[in-house]
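*Asks:* got a sequence here, can you model it:
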Amino acid sequence: MNYFRPLADQGVAEAQFVVGAMYKNGQGVPQDYVLAHMWFNLASSRAQDAEVRDVSAKSRDEVAETDRFPRAPRLDPLRSALAKLEPATASKPTPHPKAPPPAKADKRARRRRAGAYLKPSKGS
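*Replies:* The predicted structure is shown next:
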């Protein structure tokens with residue numbers, strides 16, 4: 001790891017692949033599928049050689065398919081469950097208590113555009 005990590009940090013695709021394999025297998029480092037996926041992804045995106053790129057992409061996909069690789073929760077079932085729990089009015093945003101009503105804000109904006117707030121210049 002002491003030899004390959006500095007090279008991997010410099011962007012050498014072969015070293016990035018080796019570091020990814022070390023994290024995948026737990027050789028010299030704690031086994032970490034997320035870091036293995038990251039290093040394989042970097043190696044496949046930066047490799048000049050097609051063979052290194054293909055092997056890195058294949059290893060990245062293998063790591064992603066393992067049961068131990070963390071997955072983001074699916075939001076669709078969560079959103080539908082929350083929609084059933086909350087009433088329809090709860091989804092509307094409440095205005096800020098100190099915000100002016102929209103009519104006053106529109107009136108002020110019209111005055112600014114019309115130049116009502118511009119002070120006359122001295123000497124005119």
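*Asks:* the bottom helix or strand of this protein by mean pLDDT?
*Replies:* In the chain, no helix or strand scores lower on mean pLDDT, DSSP states H and E than helix 75-85, which sits at a mean of 64.
*Asks:* what sits closest to Ala64 if chain neighbours are left out?
*Replies:* Leaving aside its chain neighbours, Ala64 sits nearest to His37 (6.0 Å; criterion: CB to CB, 6 or more residues apart in numbering). In short, each C-beta sits where N, CA and C put it, glycine included.
*Asks:* and the one you found, what element?
*Replies:* Element membership for His37 (DSSP states H and E) is helix 33-46.
*Asks:* please apply the same query to Phe17.
*Replies:* Using DSSP H and E, Phe17 maps to helix 13-25.
*Asks:* just to revisit the earlier point, mind listing what the residue nearest to Ala64 touches?
*Replies:* 20, 60, 63-64, 69 (CB atoms under 8 Å, 6 or more residues apart in numbering).
*Asks:* quick one: list the elements packing against the longest helix along the chain.
*Replies:* Of all segments of type helix in the chain, defined using DSSP state H, the longest is helix 50-65. Applying 3 or more CB pairs under 8 Å, 6 or more residues apart in numbering; DSSP states H and E, one finds that helix 50-65 makes contact with helix 13-25, helix 33-46.
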